[in-house]
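1. just coords:
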């Protein structure tokens, strides 16, 4: 891969990540704080998992360019999903001794994301 293509790929990841992070911010602003459950982060992780599952299935089935993959999967999904925020929120719930909420949030986030990706591969 030439230096120009490598630089272009970096831009694809950068712009995809920026757009994903902005959308995650909007989802969090819209939903977090309405309940004790961090719904915005949960929704971003689940919908991001769904999108990534669809991208993987499409990429494996028909394929598309590496640039599109870097823009959409690596960039957008990487910026949109929020593992570090998710981990911090679980920690905060545990610190506040909200055991049920922490367990519910942790288990449903992981299981729902895995389930939705599995479901997409069944289609």
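-> The structure has been received and is ready for your questions. None of the values given here were measured: they were computed from a predicted structure. Numbering: from 1, shown residues only.
2. Tell me the buried residues in the longest helix seen in the chain?
-> Criterion DSSP state H: the longest helix present in the chain is helix 3-31. By neighbour count on 16 or more other C-beta atoms under 10 Å, the buried set for helix 3-31 is 9, 12-13, 16-17, 19-21, 23-24, 27-28, 31. (C-beta placed from N, C-alpha, C; glycine too.)
3. Give me the residue ranges of this protein where confidence is low.
-> For the chain, the stretches with pLDDT under 70 are 1.
4. can you pull out the strands in it?
-> For the chain, no strands are identified by DSSP state E.
5. So the spatially most central residue of it versus residue 89, what's the distance?
-> Centroid check for the chain by C-alpha atoms, centre = their mean gives residue 81 as the closest residue, at 2.2 Å. Separation of residue 81 from residue 89 (C-beta to C-beta, to the nearest Å) stands at 13 Å.
6. cool, residue 106 as well?
-> 9 Å.
7. With adjacent residues omitted, what lies nearest to residue 58?
-> residue 64 (7.1 Å; C-beta to C-beta, 6 or more residues apart in numbering).
8. and the one you found, how many neighbours does it have?
-> 11 (other C-beta atoms under 10 Å).
9. hang on, the earlier thing: just give me the closest of the buried residues of helix 3-31 to residue 69.
-> residue 12 (8.6 Å; C-beta to C-beta).
10. contacting residues for that closest one?
-> 67-68, 70-71, 74-75 (C-beta atoms under 8 Å, 6 or more residues apart in numbering).
11. Mind doing that once more with 6 Å?
-> The contact partners of residue 12, taken as C-beta atoms under 6 Å, 6 or more residues apart in numbering, are 67, 70-71.
12. Quick check: residue 41 touching residue 82?
-> Yes: shown here, residue 41 and residue 82 form a contact pair, counting by C-beta atoms under 6 Å, at 5.1 Å.
13. what's the spacing between residue 45 and residue 63?
-> Counting by C-beta to C-beta, the gap from residue 45 to residue 63 is 26 Å.
14. Who has more neighbours out of the two?
-> residue 45 (23 against 10).
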